[in-house]
Structure formats: structure tokens, C-alpha cells
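Student: Structure for this input, please:
(2 chains)
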Amino acid sequence: GQQVMQIPQYQHVQEGEDFTTYCNSSTTLSNIQWYKQRPGGHPVFLIQLVKSGEVKKQKRLTFQFGEAKKNSSLHITATQTTDVGTYFCAGKFSGTYKYIFGTGTRLKVLA
Amino acid sequence: NAGVTQTPKFQVLKTGQSMTLQCAQDMNHNSMYWYRQDPGMGLRLIYYSASEGTTDKGEVPNGYNVSRLNKREFSLRLESAAPSQTSVYFCASSDPGANQPQHFGDGTRLSIL
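Tutor: Next comes the predicted model:
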């Protein structure tokens, strides 16, 4: 079946260190979205990647979509305590309206 | 500007009881979704509705039914609740035409004893 794998499951970093989470699909994705969920909250949309090899930046966050459109990454430079939460990727497959979410990476930032 | 509203926010049920989770959106979106979130499992799609009058199964539909009452409302029903259905349930909506983001409600925390 269609699956989106995400690693790592957890990451603890010291404030100021960098952080990266990775998503992989066994089949080509139509597009991929990234969401952030704060503890006790709901997922909030961060960004969408559509094109092969696409790179987008939002301040300290850098998002990449692989050339084969099967993998994606989110990199945070110099983490801050406000970055705490769980980051999810959600992949969409051609011919469907539904998104398959990765299992998420829970980020903890130690001050 | 409410966005996606879910009711109730919390519920405790006994095994075998039934209940309906309500979801309404005021953004005129065509697509609506129901997910469940369990620790370490991420968000798993239960059912979705691409447009008013249509519904489709997601990854984990067993034990659930849905109704797309109109464009605004999409309800999720548990006919005979089981402890395995203890979870946090999120409703979301989006406009699928241009790969738009999903907007989530605050969730319903459901415990089944």
C-alpha cells in the first residue's frame, strides 16, 4: 500500500543546534506538505512542495523535495525553544484527493 | 473567523455505546477529512469526502461511518465503540483544486472504557 515513512521518531537537541527530519515514500508523490503540531494542539500547515528538486525556505526552516519526488526533508537551523513540537510530512499520490501522513518527528529543544 | 469547529472536545464512552462526532467548516471548502491520532502512529485517515455527496474510505475505516450532511458539515459515527477506538480525532478541510493545505479543527479526545 501507499506509505510515507518518517525518521527519526524523536530528536532532542540543545538550543542553537540544527535539526533535520526525513520523509520517504516507496512510490512517486504528486506533492508533499509539511505540518507542525505543538503539544496539545492541532497540526498547522507549514509549506507545500510540488516540483522535483524543489527547495523552499521560511526563515530558519529549509524544505526540500527529492529529484524523484519520493523523499523530502525539513531542516531547522539554530533551533529555538519555540520550535518544540511534532513535525509531520503528508504525501499525496496521483489520482487521489487524500494525503498519507508520516508518523511524525517529535522535537524537543533543551535550553 | 471560526475555521473548522469540532464538537465535543472531550468524551468518555463505555464499550458498546454509540456516538457521533461533529465537524463544521466555514471556509467553503469542498474536501473534508477525518483522522485519528494515536501515540507513535501519526495521523491516520479514516474517511474523506472530496465533495458534497461523496465519501471514500481512508486507511482505517473499520468501525466507523460518515455522513457529508452538506458542504459545511461532515460527521463521524461510532456505532459500537471499542477500547481500540480510544484516540484523538481530528477533522480537516481543504479546497482540493489547487493542492491547498488542510485546515484542522482542535480535535476530540475520546476515551472508551
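
Student: Next, name the residue at the spatial heart of the chain.
Tutor: Unless you meant another one, I'm taking chain A. Computing the C-alpha centroid of chain A and ranking residues by CA atoms, centre = their mean puts residue A:89 first, at 4.1 Å.

Student: Can you look at chain B instead?
Tutor: In chain B, the centroid-proximal residue (CA atoms, centre = their mean) is residue B:34; its distance is 2.8 Å.

Student: Around chain B, pick out the residues from chain A.
Tutor: A:6, A:9, A:30-31, A:33, A:35, A:41-45, A:48, A:50, A:88, A:90, A:92, A:97-104 (CB under 8 Å from any CB of the partner chain). In short, each C-beta sits where N, CA and C put it, glycine included.

Student: residues contacting the nearest residue to residue A:16 once chain neighbours are set aside?
Tutor: Spatial nearest neighbour of residue A:16, chain neighbours left out: residue A:78 (5.4 Å); criterion: CB to CB, 6 or more residues apart in numbering or on different chains. Residue A:78 makes contact with A:16-18, A:60, according to CB atoms under 8 Å, 6 or more residues apart in numbering or on different chains.

Student: Quick check: residue A:32 is in a helix.
Tutor: No: counting by DSSP: H, G, I helix; E, B strand; the rest coil, residue A:32 is not part of a helix but strand.

Student: related to what we said a few turns ago, can you go through the contacts of residue A:78 and name the buried ones?
Tutor: By neighbour count, with 16 or more other CB atoms under 10 Å in any protein chain shown, those hold no buried member.

Student: for chain A, what are the low-confidence residue spans?
Tutor: Scanning chain A for pLDDT under 70 picks out A:1.

Student: What residue in it comes nearest to chain B?
Tutor: With CB to the nearest CB as the measure, residue A:45 is the residue of chain A nearest to chain B, at 3.5 Å.

Student: okay, now the residue nearest to that residue when sequence neighbours are not counted: neighbour count?
Tutor: Nearest residue to residue A:45, sequence neighbours excluded (CB to CB, 6+ apart): residue B:101, at 3.5 Å. Residue B:101 has 19 neighbouring residues, counting by other CB atoms under 10 Å in any protein chain shown.

Student: What helix or strand is residue B:101 located in?
Tutor: If you go by DSSP states H and E, residue B:101 is not part of any helix or strand.

Student: my guess is it meets residue B:93, correct?
Tutor: No: counting by CB atoms under 8 Å, residue B:101 stays clear of residue B:93, with 10.1 Å between them.

Student: from what I can see residue B:88 touches residue B:37, true?
Tutor: Yes: counting by CB under 8 Å, residue B:88 sits close enough to residue B:37 to count as a contact (4.6 Å).

Student: between those two, who's got more neighbours?
Tutor: Neighbours per residue (other CB under 10 Å) separate residue B:88 from residue B:37, with residue B:37 holding more: 21 against 17.
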